[in-house]
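K.L.:
Kindly generate the corresponding structure for this input.
(one chain, ligands or ions: 1)
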Amino acid sequence: MLSIRDMSSKVSSIVLKGLKKASSVPILGVVFRPYPWYIEHMARNLKKPTDSFMGKYAMKWMVQKNSFLEKNAVKLCNIEPNHTVLEIGFGPGVGLSHAYNIVKGGKGKIYGIDSSWFALDMAEHNFHDQIFEETKMFVFQANVESIPLNTNTVDRVFHCNCYYFWPSMRKAMREIYRVMRPGSLMITTLDIKHLEKVKRKGFLKYGYTDPMKYMSCLENYGFENVRMEYKTDADTGQDFQVIFAEVLEKPDLSSLPEEEDDEETKKLKMMIAIEKKYGLLAEEDEINLKKFIEKQREEQLQAEEYDKKMNKR
Ligand SMILES: C[S@@+](CC[C@H](N)C(=O)[O-])C[C@H]1O[C@@H](n2cnc3c(N)ncnc32)[C@H](O)[C@@H]1O
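P.N.:
Residues are numbered from 1 along each chain as shown. Purely as a prediction, here's the structure:
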């Protein structure tokens, strides 16, 4: 006997096969082209899954195609039970689940960020106990460019099929580097052969997959021992690639004036130090950033003054 869930997934795959075959369907005098429609909606939902028919289909597709990458990313991270772990772009949550199984006996925590509200809702539903009862897992709707975690707090970061969609590699690198502790490791798994196939179909029209560019950005923004290795999944025999990136020592910030900085200012200062270290910062940029920090500080002081006045009333 087929369950309702199995039946609905069979029906959706038959409908989609039909859509792919029919090149154009006239409906009430309007010509509907199902295949380009299908490609467009898959491309959008791979970048940011939505709570829609195609969003749900894309999530199932990810579980089917990418679970082995998620499993191997977690394995290659060498997570220890006391580690703080972050997954970027968790999608249907397969990686979160593997990582949780490692830290559940220890003091470690799993953090997940994804820019999709639908992914967040799914994770909150699927990991209800881990999030709300055990408080071992924390999931956020957030962009990689603004990770809601403190500086130097994460031991392991992993992501699969996600960097393709980052709006600015520079901002993403800076932010990941900020949250990673000295001595931490980031793992990225991908299947280059499969990527080429889905790219040809148009599924990645909203992404940029070049792993070499990604690796050179990692190096430029302070990550060390950046390398790619070729691996085979022990269970399925599928080949895949893994990119390692480590954060060893961080630049010394002691030369900077000591102040009680807010998180935003800390991030900017860290950015100046990193970019200076790697010779990436033009003099003009540095002056602008410093001005920006000063302006922020002034605004903060004005806000504090205002609060004080209001409290006196
Ligand atoms: C193709 S899916 C991959 C999901 C899962 N990691 C996998 O391999 O099956 C990409 C995921 O990254 C998320 N994502 C895309 N851009 C992002 C960004 N800038 N910051 C955080 N998450 C992002 C999307 O919402 C989506 O869930």
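
K.L.:
quick one: contacts for Gly105?
P.N.:
For Gly105, the contacting residues are Pro81, by Cβ atoms under 8 Å, 6 or more residues apart in numbering. Heads up, the C-betas are built off the backbone N, CA and C, glycines and all.

K.L.:
Helix, strand or coil: sort out it for me.
P.N.:
coil (DSSP: H, G, I helix; E, B strand; the rest coil).

K.L.:
again, but for Ala245
P.N.:
strand.

K.L.:
Just give the closest residue to it, not the sequence neighbours.
P.N.:
Excluding its sequence neighbours, the residue lying closest to Ala245 (Cβ to Cβ, 6 or more residues apart in numbering) is Phe223, at 4.0 Å.

K.L.:
Contact partners for the one you found?
P.N.:
Taking Cβ under 8 Å, 6+ apart, we find Phe223 in contact with Met173, Tyr177, Met186, Ala245, Glu246, Val247.

K.L.:
okay, it: pLDDT?
P.N.:
At Phe223, the pLDDT value in this model is 96.

K.L.:
how near is it to Glu145?
P.N.:
Going from Phe223 to Glu145 by Cβ to Cβ, to the nearest Å gives 17 Å.

K.L.:
Any stretches of the protein with poor pLDDT?
P.N.:
Where the chain drops to pLDDT under 70, the residues are 1-6, 8-9, 12-13, 15-33, 253-289, 292-293, 296, 299, 306-307, 309-313.

K.L.:
Which strand runs longest in it?
P.N.:
strand 180-190 (DSSP state E).

K.L.:
right, and the helix or strand after that strand?
P.N.:
Scanning forward in sequence from strand 180-190 by DSSP states H and E, the next helix or strand is helix 192-201.

K.L.:
following that next one, which helix or strand shows up next?
P.N.:
Assignment by DSSP H and E places the next element after helix 192-201 at helix 211-220.

K.L.:
Might you enumerate the residues of the stretch 101-250 of the chain proximal to the ligand?
P.N.:
Ile113, Asp114, Ser115, Ser116, Ala119, Asn143, Val144, Cys160, Asn161, Cys162, Phe165, Trp166 (Cβ under 6 Å from any ligand atom).

K.L.:
Which positions in whichever strand or helix holds His125 come out as buried?
P.N.:
In the assignment (DSSP H and E), His125 maps to helix 117-126. For helix 117-126, burial by neighbour count (16 or more other Cβ atoms under 10 Å) applies to Phe118, Ala119, Leu120, Met122, Ala123.

K.L.:
ditto for stretch 62-82
P.N.:
Buried residues in stretch 62-82, counted by 16+ other Cβ under 10 Å: 62, 66-77, 79.

K.L.:
Among these, which lie within helices?
P.N.:
Met62, Asn66, Ser67, Phe68, Leu69, Glu70, Lys71, Asn72, Ala73, Val74, Lys75, Leu76 (DSSP state H).

K.L.:
Tell me what the residue nearest to the spatial centre of the chain is bridged to.
P.N.:
Nearest to the centroid of the C-alpha atoms of the chain, with distances taken as Cα atoms, centre = their mean, sits Ile88, at 2.5 Å. For Ile88, the beta-bridge partners are Ile113 (DSSP bridges).

K.L.:
which residues does it contact?
P.N.:
Contact analysis of Ile88 by Cβ under 8 Å, 6+ apart lists Ile113, Asp114, Val144, Ile147, Val157, Phe158, His159, Cys162, Ile176.

K.L.:
Which one (most neighbours) among these?
P.N.:
Each of these was scored for neighbours by other Cβ atoms under 10 Å, and Phe158 scores highest at 29 neighbours.

K.L.:
who does the helix or strand in which that residue is found touch, helix- and strand-wise?
P.N.:
Per DSSP H and E, Phe158 falls inside strand 154-160. Where contact means 3 or more Cβ pairs under 8 Å, 6 or more residues apart in numbering; DSSP states H and E, strand 154-160 is packed against helix 53-76, strand 84-88, helix 94-103, helix 169-179, strand 180-190.

K.L.:
Show me how the record splits the protein into domains.
P.N.:
The chain breaks down into these domains under automatic domain parsing: 4-59, 66-247, 263-312.

K.L.:
For Val186, give its distance to Gln141.
P.N.:
Wrong residue type there; residue 186 is Met, not Val. Taken as Cβ to Cβ, the span from Met186 to Gln141 is 21 Å.

K.L.:
quick one, which of these two is more surrounded?
P.N.:
Met186 (24 against 15).

K.L.:
leaving aside the residues next to it on the chain, what's closest to that one?
P.N.:
Val157 (4.1 Å).

K.L.:
Quick one: residues contacting that neighbour.
P.N.:
Neighbouring residues of Val157 by Cβ under 8 Å, 6+ apart: Val85, Leu86, Glu87, Ile88, Ile176, Val179, Met180, Ser184, Leu185, Met186, Ile187.

K.L.:
Dig out what it forms beta bridges with.
P.N.:
For Val157, the beta-bridge partners under DSSP bridges are Leu86, Met186.
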